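Colleague: predicted model and sequence follow; I will ask about them next.
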Amino acid sequence: MSSSVPVIVRLLASSVSVAHRAGKIVRDVMSKGELGIIEKGKDDYQTEADRSAQRCIIASLSAQYPKLTIIGEEESSGNEGEIANDWLVSEPDKELLSLKCPANLQSIKEEDIVVWVDPLDGTSEYTQGFLEHVTVLIGISVNDKPVAGVIHQPYYKTMVGSEKIIGRTIWGLQEAGVGGFTPTPPPDSLVITTTRSHSNPAVEKALQVMNATQILRVGGAGYKVLLLLEGKASVYVFASPGCKKWDTCAPEAVLAAAGGKLTDICGNFYKYGSSVTHPNKTGVLAAVNNELHTYALNRIPQELKDILTNK
Ligand SMILES: Nc1ncnc2c1ncn2[C@@H]1O[C@H](COP(=O)(O)O)[C@@H](O)[C@H]1OP(=O)(O)O
Ligand SMILES: [Mg+2]
Ligand SMILES: [Mg+2]
Ligand SMILES: [Mg+2]
């Protein structure tokens, strides 16, 4: 049955299932309490959860879609041995298989797709106990553009009657829309979200000029875009390098499918082809709609844009 479903839709449905499994790995590592923290660089950490969740995602997707290009944040050591069988997810999410595929993506082949994997976005927050900020990101791009994405939040709690459900999975597909949450209009006044763990004078300067009524400092690109999608903030500003393609691919795809926009601080879209460089050197500017994006873009001083673009 599933072979008649376009590969983009199947891959999105598989990504939803695998992100859910990776989220359980993230929780299991935390409850065991052995985080195995490695410092990769300044303010840049990796834990056992980042490593294991990435292995689960890449092994599961590449087993089913061998011709994909998959780029994950964490480097593999190459001597990790066999992957546990219960980390290999092969069942796609059934509901997503019936999504209507946009006409321009119907005949896209596996080899035309680049998948960007951030197995754990918000690692600093994970190690410091801000668990709600943590997400698992799987972004699907075609011809340099993010066309579909998954943002899984392993610690999100929902009550269904008296039963507590842990974790939720938000998805988006170009033209088909978004799911896994209730989209909510933006707040009446300008609420901005930004980094809580990677600030610097340029980041602060870009915030000062926005004239916001409130600034929400939270971790992770995925979580900040969730705040936009759920009407808690209207603009995400980060006028600094630091984020990479795996941080923004899935959030950009989901936000765009919901009518929003994510670019660099000059208003240019990032490209997500297999040969691009990983850093998002010119920062992040995202908003729930074009009007707010343009407002924020015009407020950022040219001087800051010039610094980030090395002019
Ligand atoms: N200076 C940096 N070094 C490493 N990663 C960064 C840096 N700045 C941002 N990131 C990545 O972008 C995400 C969003 O940034 P912030 O939370 O500061 O707004 C971070 O959670 C982190 O992803 P990750 O946690 O996956 O390594
Ligand atoms: Mg990291
Ligand atoms: Mg990240
Ligand atoms: Mg990460």
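Modeller: Okay, I see it. Numbering: from 1, shown residues only. Ligands and ions are numbered 1, 2, ... in the order given.

Colleague: which non-adjacent residue is nearest the residue in the stretch 201-311 of the chain that ligand 3 sits nearest to?
Modeller: When scored by Cβ to the ion, the stretch 201-311 of the chain has residue 247 as its residue closest to ligand 3, at 4.0 Å. C-beta coordinates here come from the backbone N, C-alpha and C atoms, glycine included. Excluding its sequence neighbours, the residue lying closest to residue 247 (Cβ to Cβ, 6 or more residues apart in numbering) is residue 221, at 4.1 Å.

Colleague: ok, the one you found - how many residues close by?
Modeller: Counted with other Cβ atoms under 10 Å, residues neighbouring residue 221 total 30.

Colleague: got the confidence number for it?
Modeller: Listed pLDDT for residue 221 reads 98.

Colleague: please compute how far the helix ranked longest in the chain lies from its chain's middle.
Modeller: The residue-count maximum for a helix in the chain (DSSP state H) belongs to helix 7-32. How far helix 7-32 lies from its chain's middle: 13 Å, per Cα atoms, centre = their mean, to the nearest Å.

Colleague: helices or strands next to that helix in the packing?
Modeller: helix 48-64, strand 113-121, strand 135-142, strand 145-160, strand 163-173 (3 or more Cβ pairs under 8 Å, 6 or more residues apart in numbering; DSSP states H and E).

Colleague: if I look at the residue nearest to residue 247, how far off is residue 194?
Modeller: Distance from residue 221 to residue 194, counting by Cβ to Cβ, to the nearest Å: 11 Å.

Colleague: anything in contact with each of these two?
Modeller: residue 236 (Cβ atoms under 8 Å, 6 or more residues apart in numbering).

Colleague: name whatever forms a beta bridge with the single nearest residue of the stretch 51-200 of the chain relative to ligand 3.
Modeller: Proximity of the stretch 51-200 of the chain to ligand 3 (Cβ to the ion) peaks at residue 121, 3.5 Å away. Beta-bridge partners recorded for residue 121 (DSSP bridges): residue 135.

Colleague: local confidence estimate at it?
Modeller: We have a pLDDT of 98 for residue 121.

Colleague: what does residue 33 give?
Modeller: At residue 33, the pLDDT recorded in the model is 95.

Colleague: cool, and residue 79?
Modeller: Predicted confidence (pLDDT) for residue 79: 73.

Colleague: what bits of the stretch 51-200 of the chain have low per-residue confidence?
Modeller: Applying pLDDT under 70 to the stretch 51-200 of the chain flags no residue at all.

Colleague: which parts of it sit against ligand 3?
Modeller: The interface of the stretch 51-200 of the chain toward ligand 3, taken as Cβ under 5 Å from the ion, is made up of 118, 121.
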